[in-house]
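S.K.: Sequence and predicted structure, then a few things I'm wondering about:
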Amino acid sequence: MKIAITADVHLRSRQETPERYAALENIFSQCEREGLAQVFILGDLFDRDFNNYHDFDELCRRQSGLKITVLPGNHDSGLKRKYFTAEKIRVMEEPLLEAAGEGAKGSKQKINFLFIPCDSGLSLDEALEVFTRNQEPGRFILFGHGDWLSGTRSANAYEQGFYMPLSQRALEKFSPLRVFLGHIHQVDQRLDRAVVYPGSPCGLDINETGKRRFLIYDTEENRVESREVISPVIYFIETLLALPVGDELSRLQELIRKMIEGWELAKEDLKKVKLRLKVRGFTRNKEALARFIQQEISDRGLSFFDETGADFSELKITADESEARLLLLSQLQRKLEQVDLSRFQASSDEVLEKAAEIIFGG
């Protein structure tokens, strides 16, 4: 059995959040192409203070072969099944244990799904304690919405605080086969963690950067796979270091090329990019550099997120044309390219910027 898993879509009306609807529609389309029958949405399907579900209801009415399970999160904790007309939507208003079919190949032990909707009055630890007093979950996969306190926690810039936390102690006590949680929006590429977050399928703001994904879980293989979500917008936040060494514009051009290559986007996806760019360091000619950055970004089919374009507030001017100083900085730059800085808490760009401040009297 295979299921698709996503979370944190934060829908409002289609007019207000068209890109979020487009991302969700893409997940549904990919599921139908791959023959998947179920999608689990692990909380915050809708944004806070929003109670018009018509556009999502209509979207689901068109998905004739897809069963959509919605787990309420902290933003839509009051969600109920009676708010929808589409037959194949179900809402987990209470904790529920259900059979998930066969377990791993070669094993006769059945697997259950345990759904625990978000409850602001409980932690996931407490919810598990309460549930297991009355019912033995067996070998189970946990689906919820909250913070895993023992993991490497990615900050949720969309909101502050902790919600329905899950501890390492609870994992050890209840021993779920897998845990899937909503609430953390950023994508973590590692799928081998004890707790996996699918992340939001569409960046909600500039802080949610990079390509988005949804997950496919195979209960028979106990395997999690990732699928890219094709959405209309992709956010990135980047910083470039300008230095008055040699042809500084050619150097920046090369840095921009490497920056874009690092995104690993298809050429047709570049037009979807909304980029927040900060340029730091030193330059001889700020006007020329700013003009060059603007043209280079435009020529590559990218758009700035901010109306004012790149941020040059930390770019300093040097009028010092001393050959000795320029030569010193150039030599340091070449030396850093040959040195492994991985054991230090500084990148080569940070070292170069500090050196430039010393050399040019920053």
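M.R.: Ah, there it is. Residues are numbered from 1 along each chain as shown.
S.K.: From here on, just use CA atoms for contacts and neighbour counts.
M.R.: Noted.
S.K.: tell me the domain ranges of the protein?
M.R.: Recorded structural domains for the chain (assignment: automatic domain parsing) are 2-229, 234-360.
S.K.: Pick the most deeply packed of the ones you listed.
M.R.: Of all these, domain 2-229 carries the top mean neighbour count, a mean of 18, counting by mean count of other C-alpha atoms under 10 Å.
S.K.: Endpoints of it, how far apart?
M.R.: Its first and final residues considered, domain 2-229 spans 18 Å by C-alpha to C-alpha, to the nearest Å.
S.K.: Mind checking the pLDDT average for that domain?
M.R.: Mean pLDDT, computed over domain 2-229, is 90.
S.K.: Ok, stretch 287-300 next?
M.R.: Rounded mean pLDDT across stretch 287-300 is 96.
S.K.: Helix, strand, or coil at the residue lying closest to A170 once chain neighbours are set aside?
M.R.: Of all residues not flanking A170 in the chain, D125 sits nearest, at 5.6 Å (C-alpha to C-alpha, 6 or more residues apart in numbering). Assigned with DSSP: H, G, I helix; E, B strand; the rest coil, D125 falls in the helix class.
S.K.: where's D125 relative to E136, distance?
M.R.: With C-alpha to C-alpha as the criterion, D125 and E136 are 15 Å apart.
S.K.: Likewise for K88?
M.R.: Taking C-alpha to C-alpha, one finds K88 at 28 Å from E136.
S.K.: ok, now R212?
M.R.: Counting by C-alpha to C-alpha - R212 and E136 are separated by 36 Å.
S.K.: got it, and H75?
M.R.: Going from H75 to E136 by C-alpha to C-alpha gives 30 Å.
S.K.: mind listing the strands for the stretch 101-250 of the chain?
M.R.: 112-115, 140-145, 178-182, 195-196, 212-218, 223-229, 234-242 (DSSP state E, counting those that start in this stretch).
S.K.: I'd like these laid out as CSV, including distance to R291.
M.R.: Formatted as CSV, those follow (distance: least, C-alpha to C-alpha, whole Å):
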stretch, distance to R291
strand 112-115, 54
strand 140-145, 46
strand 178-182, 42
strand 195-196, 43
strand 212-218, 32
strand 223-229, 34
strand 234-242, 14
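S.K.: Please pull up the helix or strand immediately following the strand ranked longest in the chain.
M.R.: Longest strand in the chain, counting residues (DSSP state E): strand 273-283. Tracing the chain C-terminally past strand 273-283 and defining elements by DSSP states H and E, one meets helix 286-299 next.
S.K.: tilt between that next one and strand 234-242?
M.R.: Angle, helix 286-299 to strand 234-242, by axes from the mean of the first three to the mean of the last three C-alpha atoms, to 10 degrees: 150 degrees.
S.K.: Residues touching the next helix or strand after helix 286-299, excluding its own?
M.R.: Once the chain leaves helix 286-299, the next helix or strand it forms, by DSSP H and E, is strand 303-304. Contact with strand 303-304 is made by K271, K272, V273, K274, L275, R276, L277, I297, A310, as judged by C-alpha atoms under 8 Å, 6 or more residues apart in numbering.
S.K.: Now do the helix or strand that comes right after strand 303-304: which elements does it pack against?
M.R.: Remark: after strand 303-304, the chain's next helix or strand is strand 315-317, criterion DSSP H and E. Applying 3 or more C-alpha pairs under 8 Å, 6 or more residues apart in numbering; DSSP states H and E, one finds that strand 315-317 makes contact with strand 273-283.
S.K.: Can you pull the phi/psi pair for the spatially closest residue to L149 that is not a sequence neighbour?
M.R.: Leaving out its chain neighbours, the residue that sits closest to L149 by C-alpha to C-alpha, 6+ apart is S167, at 5.4 Å. Main-chain dihedrals, S167, degrees, to the nearest 10: phi -100, psi 160.
S.K.: Check the spacing between S167 and K82 real quick.
M.R.: Taking C-alpha to C-alpha, one finds S167 at 33 Å from K82.
S.K.: Check E296 too.
M.R.: 52 Å.
S.K.: what's the answer for I216, then?
M.R.: For I216, the distance to K82 (C-alpha to C-alpha) stands at 28 Å.
S.K.: which residues sit against stretch 345-359?
M.R.: Looking at what lies outside stretch 345-359 - C-alpha under 8 Å, 6+ apart - the contacts are L241, L243, G281, F282, R325, L329, L332, Q333, L336, E337, L341, G362.
S.K.: Mind listing the residues bridging to the first one?
M.R.: Note on L241: beta-bridge partners by DSSP bridges are R280.
S.K.: how far away is it from F305?
M.R.: In terms of C-alpha to C-alpha, L241 sits 19 Å off from F305.
S.K.: Repeat that for the third one.
M.R.: To F305, G281 is 22 Å away according to C-alpha to C-alpha.
S.K.: just R280 next, same as before
M.R.: Between R280 and F305 the computed distance is 18 Å (C-alpha to C-alpha).
S.K.: Please name the spatially closest residue to E337 (chain neighbours excluded).
M.R.: Counting by C-alpha to C-alpha, 6+ apart, S348 is the residue found nearest to E337 once chain neighbours are left out, at 7.8 Å.
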